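Participant: Pasting the sequence and the predicted model now:
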Amino acid sequence: MWIRLLELPIHLYQKKALFGIASLIGLLIKLDKAIADGLRPSVARVFVEIDLMKRRPDSVWIGTKGRYFPQPVVYEWCPKYCIQCRHLGHGIEDCGDGKSKNVEAAPAPVDLRSIINKR
């Protein structure tokens with residue numbers, strides 16, 4: 001999945017630094033060609049493999065020389081993932097496996113002895 005690191009300080013556009021930052025989110029697969037060639041210093045864009053079962057952070061804490069700051073992370077596109085059936089393409093609210101939260105719960109059990117004893 002492509003992510004953008006907005007307003008990243010220019011000295012962190014080095015490949016080693018980008019690998020370190022991306023490792024806080026997932027596994028870095030590749031750098032955007034413009035970043036790798038040093039042609040776009042305004043937005044760092046990297047392709048990472050992430051675990052869809054885990055929460056995606058909106059920012060990560062990074063630092064240099066003892067100064068730490070939150071680095072915003074923007075996900076360009078994220079596929080819907082259903083944690084109910086573990087399939088891509090729909091969320092749990094649209095899951096059709098019969099177990100979603102839209103299915104009515106079974107009625108509560110009734111103690112038949114209390115009904116018989118009343119007669």
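Facilitator: That came in fine, so what should we check first?

Participant: For residue 45, which three-state class applies?
Facilitator: Three-state assignment for residue 45 (DSSP: H, G, I helix; E, B strand; the rest coil): strand.

Participant: and it, what is it in contact with?
Facilitator: By C-beta atoms under 8 Å, 6 or more residues apart in numbering, the residues touching residue 45 are 2, 3, 4, 5, 31, 32, 34, 35. Every C-beta, even on glycine, is put in place using the N, C-alpha and C of the backbone.

Participant: Cross those residues against helices and list the overlap.
Facilitator: Among the contacts of residue 45, the ones falling in helices (DSSP state H) are 34, 35.

Participant: And the furthest pair within the contacts of residue 45?
Facilitator: 3 and 34 (14.7 Å; C-beta to C-beta).

Participant: and the residue nearest to residue 79 when sequence neighbours are not counted, bridged to which residues?
Facilitator: Once flanking residues are discounted, residue 79 sits nearest to residue 88: 5.0 Å by C-beta to C-beta, 6 or more residues apart in numbering. Using DSSP bridges, the bridge partners assigned to residue 88 are residue 81.

Participant: Surely residue 57 is in contact with residue 73?
Facilitator: Yes: with contact defined as C-beta atoms under 8 Å, residue 57 reaches residue 73; the gap is 6.1 Å.

Participant: now residue 38: how far from residue 31?
Facilitator: Relative to residue 31, residue 38 is positioned 11 Å away (C-beta to C-beta, to the nearest Å).

Participant: oh sorry, the question was meant for residue 59
Facilitator: Relative to residue 31, and taking C-beta to C-beta, residue 59 is found at 20 Å.

Participant: Compare these two and say which one has the larger neighbour count.
Facilitator: A count of neighbours by other C-beta atoms under 10 Å puts residue 31 above the other of residue 59 and residue 31, at 18 against 14.

Participant: ok, that one to residue 90 distance?
Facilitator: Using C-beta to C-beta, residue 31 is found at 31 Å from residue 90.

Participant: helix, strand or coil for residue 117?
Facilitator: helix.

Participant: okay, it: pLDDT?
Facilitator: As predicted, residue 117 sits at a pLDDT of 70.

Participant: Could you tell me the model confidence score at the residue sitting nearest the centre point of the chain?
Facilitator: Central residue of the chain (C-alpha atoms, centre = their mean): residue 56, 3.0 Å from the mean position. Looking at residue 56, its pLDDT is 86.
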